[in-house]
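Make a model of this:
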Amino acid sequence: MNRMIKTLALTCAALAFVGCESRTDKVDGGGVLLSLSDFDGLPVVVSASADCCNVAVDQMTLQNVVKNPSGTTSDLMNVEIQSYEVVYTREDTGTRVPPKLVQSIFGVVPVNSTSTLDNYPVMRTDQFNNVPIKDFLDFGYDRETGSTVIRLKFGIRFFGRTLSGKPVESAPAYFSVEIVP
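Now for the predicted structure:
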């Protein structure tokens, strides 16, 4: 009997630890979506030599949207932004792309609200120091296509967590840029 009570007590203690969130034992009421809702000051043409090695978007707006608008909300649905990434795909005949940019950041997007991000880089030294953009710096043209214009589609998305610990990420937002020597 004594062994059974000890086993039951240990099982209850283990279930208590498994059921707890690391930051809070409350729930966030159904979840939120993170949306990159606006861009201002997008780069349209980037010169590999003149703009090296930092290209930024003047202003981006992140929006925290409740999945169930008729449900209740709480501060636990605020999203702490942790990072963002920019991936590149070719819109011309080339196949080589710069390495993706991953940047750690911090900030909070309150539930049912927005947060404005100013001058966040979408290209840095690592993108300029790799093909195909490095070809412009070294040779004045893209050695893969022979062209003096590279058309890239930038895909940017943000990652974070609600205060209750649920991971949240935005859908990718896209814009196109022409890279010239």
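
all helices of the protein, in order?
The residue ranges that make up the helices of the chain, judged by DSSP state H, are 2-19, 125-128, 133-139.

Give me the most central residue, this structure.
Using Cα atoms, centre = their mean, the residue of the chain that lies closest to the mean C-alpha position is Phe158, 2.1 Å off.

Could I get the contacting residues of that residue?
Applying Cβ atoms under 8 Å, 6 or more residues apart in numbering to Phe158 gives the contacts Leu34, Leu36, Leu62, Ile81, Ser83, Tyr84, Glu169, Ser170. Every C-beta, even on glycine, is put in place using the N, C-alpha and C of the backbone.

out of these, who's nearest Val108?
Of all the contacts of Phe158, the one sitting nearest Val108 is Ile81; the distance, using Cβ to Cβ, is 7.1 Å.

Any figure for the gap between that closest one and Arg157?
11 Å (Cβ to Cβ, to the nearest Å).

Compare these two (neighbour count), which wins?
Looking at Ile81 and Arg157 with other Cβ atoms under 10 Å, you find the greater number of neighbours at Ile81, namely 22 against 16.

contacting residues for that one?
Taking Cβ under 8 Å, 6+ apart as the definition, contacts of Ile81 comprise Leu62, Ile105, Phe106, Gly107, Val108, Val109, Ser115, Phe158, Phe159, Gly160.

List buried residues within the residues you listed.
Buried subset of the contacts of Ile81 (neighbour count, 16 or more other Cβ atoms under 10 Å): Leu62, Val109, Ser115, Phe158, Phe159, Gly160.

what's the closest of the contacts of Ile81 to Arg124?
Each of these was scored against Arg124 by Cβ to Cβ, and Ile105 proved nearest at 13.5 Å.

wait, isn't the closest one in contact with Ser83?
Yes - counting by Cβ atoms under 8 Å, Ile105 sits close enough to Ser83 to count as a contact (6.1 Å).

and Pro43, what does it touch?
For Pro43, the residues meeting the contact criterion (Cβ under 8 Å, 6+ apart) are Asp51, Val55, Ala56, Val57, Val122, Val177.
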